[in-house]
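Chemist: the following block contains a protein sequence and its predicted model.
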Amino acid sequence: MKTILTFLLCILTASCSGKQTSGEQPESSGKDTLPPVETQKPNTNYQPAFEGQTRIAGSKTTTPYEAEVIARGLSRPWGIALLPDGRLLITEKTGTLRIASATGTLSPQITGLPATEVNQQGGLLGLTVAPDFETSRMVYVVFTEKQPNGNLTAVAKGRLSDDEKRLEKVQVIYRAQPAFESELHYGGRIVFDKGGNLFVTTGERSDLQTRPKAQSLENALGKVIHITIEGRPVADNPFVNEKEALPEIFTYGHRNPQGLAIHPATGDVWISEMGPRGGDELNLIKAGRNYGWPTITYGIEYSGATIGEGITQKEGLEQPVYYWDPVLSPSGMTFYASDAIPEWKNNLFICGLSSKHIARIVIEDNKVVGEERLLADEGQRFRDITEGNDGALYAVTDEGNLYRIRKK
């Protein structure tokens, strides 16, 4: 009997093969019937602004899939991007790049990156590759740059050399001023829009002194920035004609947005941002809108004190599409565009740090209708995720692992 029980446990956990599997027992996706995945007591007694804004019904993937570590030993990976040939380009926070094959073979470290200040949350952060990478070989990275009066979030571009050993002709194209002496809240994600311009997220640097700057249009802290590949403001940005505003600002009122993705069907821009104690948010980004931080929030100080007036709504300030309390600690995210797992089509996958799972978010008509936790048994701080050419998802963790999640 003991042998039979052990065998059954091995099947359920997939520990015998070193893989995590799911979906063997078909059941309804159940967005209307399954209980919410969050069962812990919230940090606050704040009430959502509308039904479904938090603790939505759970969802369950019915397609059998598997997840396995295909590479280990990355040095604090932070960003992952797909190359046209199906390989993956990965930033290491300490200031280097690596290339991984779809089967997990890692290249030597790629050097030539701009001088990066590596600190608590800073270092070499997010990245993206040019839409014309096959001919231009251009790579765009976000990093922490040292300044005489502190440090800041910066964007650089460079050409990946033909031998793939270094970046060439590296140029800093944008700096999120002002610099500040802090090791927190850099934002750090970057994506291309369909017009060939760049969206970049910046944090408000966490300090009580800098928090209010997220509400000001005269600085680049706590913003979503919209720039050209030369680092100039995009011509139709919402504040280009306002005298006291930085023309590169697209939206403002953000805390620490570490997730940024564009919906493959609608072209809408979405971000995830870390709240304080509670109040992590998923936001649909619309030009010129104010997303409220720190005036409104569904979170509280780590001490338990309220933030500001302790309010969650105010006229003229955007509500999050969804929020978490307790926190997800959301970092990188991606929409799933493949047909390999049809029920995942256009779902959003968000990496959770302190929560140690990947959140699958089902969105319909710009509303969250289901949530599922993937890889929650792995005990990893998931940092970034992208979709491969093969219909698999690839995710990196703070612990230095590269995961592949694919249909069985």
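Modeler: In hand now; what should we look at?
Chemist: can we go C-alpha only for contacts and neighbour counts from here?
Modeler: OK.
Chemist: hmm, residue 176 is touching residue 156, no?
Modeler: No. Using Cα atoms under 8 Å, residue 176 is not in contact with residue 156; the gap is 12.0 Å.
Chemist: what does stretch 238-249 rub up against?
Modeler: With Cα atoms under 8 Å, 6 or more residues apart in numbering as the contact definition, stretch 238-249 has outside contacts at 217-220, 223-227, 232-234, 237, 250, 287-288.
Chemist: what is the mean pLDDT for that stretch?
Modeler: Here stretch 238-249 scores 97 as its mean pLDDT.
Chemist: which of the residues in it are buried?
Modeler: When neighbours are counted by 16 or more other Cα atoms under 10 Å, the buried residues of stretch 238-249 are found to be 238-240, 245-249.
Chemist: do me a favour and get the end-to-end distance for that stretch?
Modeler: Terminal residues of stretch 238-249 are spaced 8 Å apart (Cα to Cα, to the nearest Å).
Chemist: check stretch 389-400 too.
Modeler: Looking at stretch 389-400, the gap from its leading to its trailing residue is 22 Å under the measure Cα to Cα.
Chemist: swap in stretch 116-132?
Modeler: When the termini of stretch 116-132 are compared using Cα to Cα, they are 26 Å apart.
Chemist: then stretch 321-328?
Modeler: For stretch 321-328, the first and last residues are 15 Å from each other (Cα to Cα).
Chemist: and the contacts of that stretch?
Modeler: Among residues not part of stretch 321-328, those counted as contacts by Cα under 8 Å, 6+ apart are 40-44, 52-55, 275, 277-284, 298-299, 352-355, 366-368.
Chemist: could you flag which of these are buried?
Modeler: With neighbours counted using 16+ other Cα under 10 Å, those contain these buried positions: 42-44, 52-55, 275, 277-284, 298-299, 352-353, 355, 368.
Chemist: among those, which lie within strands?
Modeler: Secondary structure from DSSP state E places 280-284, 352, 368 of the buried ones among the contacts of stretch 321-328 in strands.
Chemist: and these, which two are the farthest apart?
Modeler: Distance extremes for these: the farthest pair is 284 and 352 at 18.7 Å, using Cα to Cα.
Chemist: beta partners of the closest residue to residue 368 other than its chain neighbours?
Modeler: Taking Cα to Cα, 6 or more residues apart in numbering, and ignoring the residues beside it in sequence, residue 368 has residue 362 as its nearest neighbour in space, at 5.7 Å. Each beta-bridge partner of residue 362 is listed here, defined by DSSP bridges: residue 370.
Chemist: OK, contacts around residue 362?
Modeler: Taking Cα under 8 Å, 6+ apart as the contact definition, residue 362 lies against 59, 346-348, 368-371.
Chemist: next, format those as a markdown table and append pLDDT.
Modeler: As requested, these are arranged in a markdown table below (pLDDT from 0 to 100):
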| residue | pLDDT |
| --- | --- |
| 59 | 98 |
| 346 | 98 |
| 347 | 98 |
| 348 | 99 |
| 368 | 98 |
| 369 | 98 |
| 370 | 98 |
| 371 | 98 |
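Chemist: nearest to residue 90 among those?
Modeler: Distance from residue 90 was checked for each of those by Cα to Cα. The minimum falls on residue 348, at 20.4 Å.
Chemist: quick check: the closest residue to the closest one other than its chain neighbours vs residue 391, distance?
Modeler: When the adjacent residues along the chain are set aside, residue 348 lies closest to residue 335, with 4.4 Å between them (Cα to Cα, 6+ apart). Distance, residue 335 to residue 391, by Cα to Cα: 12 Å.
Chemist: neighbour count: those two, which is higher?
Modeler: Counting neighbours by other Cα atoms under 10 Å for residue 335 and for residue 391 shows that residue 335 has the greater number, 25 against 16.
Chemist: wait, isn't that one in contact with residue 265?
Modeler: No. In terms of Cα under 8 Å, residue 335 does not count as a neighbour of residue 265; the distance is 9.8 Å.
Chemist: what's the overlap in contacts for those two?
Modeler: The contact lists of residue 335 and residue 265 share residue 346, where a contact means Cα under 8 Å, 6+ apart.
Chemist: which of the contacts of residue 362 sits closest to residue 339?
Modeler: For those, the closest approach to residue 339 (Cα to Cα) belongs to residue 346, at 9.7 Å.
Chemist: reformat the buried residues of stretch 238-249 into TSV and put distance to residue 73 and secondary structure next to each item.
Modeler: As requested, these are exported to TSV (distance: Cα to Cα, whole Å; DSSP: H, G, I helix; E, B strand; the rest coil):
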residue	distance to residue 73	secondary structure
238	43	coil
239	44	coil
240	45	coil
245	44	coil
246	41	coil
247	41	coil
248	38	coil
249	37	strand
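Chemist: for those residues, which one is nearest residue 140?
Modeler: Nearest to residue 140 among the buried residues of stretch 238-249: residue 248, at 17.2 Å, using Cα to Cα.
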